[in-house]
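*Asks:* sequence and predicted model, in that order:
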Amino acid sequence: LEKDGLIITTTINLSLQNYAILSFREHLSRMQKRLYEQYQSASGKRILDEIAVREMKRLNLEERSGEKRFQEIFDWNGTYTDSITVADSLKRSLTILHAGLMAMDPVAGGIKAWVGGIDFKTQPYDQVLARRQLASVFKPVLYTAALEEGYEPCQYLDNDSITLSGFEDWSPENFDHSYGGKYSLSGALTHSMNIPTFSLFLEIGFDRVNSMWSDMGFSFTLDNTPSLPMGTAEANIKEVAVAYSSIANGGYRIRPWCVRSIKTPGGEVIYSNENTQENVRIMTEKSSQLMSAMLQKAIREGTGVSMGSVYGVDFPLAGKTGTSQDYSDAWFAAFNPRLVVVSRAGASSRAIHFNSGSYGSGSALALPLVALTLKKVKQDPLLKERLITGFPDLPPELADALDCPDFKEKNLFDMIIDIFEKDKKDYEGTE
């Protein structure tokens, strides 16, 4: 490519790409310092040493742990070369925070930004294509499947403690350890409640969720396990962007693309992408409208509220955060009718992570990458006009579809029904 002088035109928006890269530096440099500090404490050092010993054994490097070698070392203040032991090099590598971000047009499929990592020279693995557990970013797949089955945003789901026989008496838990009452579908998704989500999963069944998962374009094979609705399935950033695009564009699965044309130095067109792909409808327009409205509420009132309250991104958005077990991976997906943006952050090993949600949750670690990028878009009038637009109003027949309390206590009839419910539920799945 360098020698031939080919002229390659892409869908990438250079301003958006640069804003995303600047946002990585602004946010991750601070978070990286905090993670380093965590593993410099007495308990952190002990944990890191134990993980490093296991990794050295796995890589057959035990006998070389004390060897020194010169290598390039990534640092947000500037990459440098130093002599470092194999063991110390491994520890530093383990505690590096990686991240990826992709933005795309949800209608035409053109990729607008692709940040594959923090530094291509020293960390070349493309994080946009790295597959990790989705956590609550998975939940819209389940809720969309429910909408396709005729569920409504104001139908209520039990928030009672559930125990499954046959799975070592496994029980789902809400992040705040709360129980009781009922959540509307909209409320449960807005506040990312696990028990109502699991109740919904029991009602609609694995097959319907699996079908929607496949229709949305995910490649990972789902296992029929009770932890599935909490997001134990794996996917990469690109697949999540495609899935959320189907909600943003009215219900169609699209194929992301990037190269518009390739020309010779003399101007001869040797490749042209006319983007004539046939989009496949995978959900009804009604389901996409309702899911979009529910995810807009998640930004206004739920786990994505810091987009506006902290970062001042006040234009219309829908989205969902995700935090995997032990804060190993943090996710955030956001969209409006013209743009979908997905980010994920975390160390290369799931054993390395922040100790609390204050730093390791989706809203603390992944959301700011999107928020800071879109804040810069907000300050760029021409780019904002191109990429940001409001959501259309729901049609008259759906205008009141979310007009209900997120939570309500059970009435006397509900309590009587509960008396006859079994304490343990059977689950036909794969252990």
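*Replies:* In hand now; what should we look at? Numbering: from 1, shown residues only.

*Asks:* which ones are touching the residue nearest to residue 61 when sequence neighbours are not counted?
*Replies:* Spatial nearest neighbour of residue 61, chain neighbours left out: residue 86 (5.8 Å); criterion: CB to CB, 6 or more residues apart in numbering. Placement of C-beta: from N, CA and C, glycine included. Going by CB atoms under 8 Å, 6 or more residues apart in numbering, residue 86 touches 56, 61, 64-69.

*Asks:* kindly recompute the last result at 10 Å.
*Replies:* 52, 56, 59, 61-69, 71 (CB atoms under 10 Å, 6 or more residues apart in numbering).

*Asks:* kindly report the same for residue 51.
*Replies:* Taking CB under 10 Å, 6+ apart as the test, what residue 51 contacts is 39, 90-91, 94-95, 349, 351-352.

*Asks:* sec struct for it, please.
*Replies:* Following DSSP: H, G, I helix; E, B strand; the rest coil, the label given to residue 51 is helix.

*Asks:* mind jotting down where the helices sit in the stretch 101-250 of the chain?
*Replies:* With helices called from DSSP state H, counting those that start in this stretch, the stretch 101-250 of the chain shows them at 139-148, 185-190, 194-204, 206-215, 237-248.

*Asks:* mind listing the residues bridging to residue 343?
*Replies:* Bridge pairing for residue 343 (DSSP bridges) gives the partners residue 101, residue 332.

*Asks:* on that earlier part again, which of the contacts of residue 51 has the largest number of neighbours?
*Replies:* Among these, residue 352 has the most neighbours (other CB atoms under 10 Å), with 23 neighbours.

*Asks:* measure that residue to residue 136 for me?
*Replies:* Shown here: residue 352 relative to residue 136, a distance of 21 Å by CB to CB, to the nearest Å.

*Asks:* pretty sure residue 153 contacts residue 185?
*Replies:* Yes. Between residue 153 and residue 185 there is a contact under CB atoms under 10 Å: 5.0 Å.

*Asks:* now the common contact residues for the two.
*Replies:* With CB under 10 Å, 6+ apart as the test, residue 153 and residue 185 both reach 143, 146-147, 290, 294, 402, 404.

*Asks:* which one of the residues you listed is nearest residue 392?
*Replies:* residue 290 (12.9 Å; CB to CB).

*Asks:* ok, now which ones touch that closest one?
*Replies:* So residue 290 contacts 143-144, 147, 151-153, 185-186, 247, 283-284, 394, 398, 401-402 (CB under 10 Å, 6+ apart).
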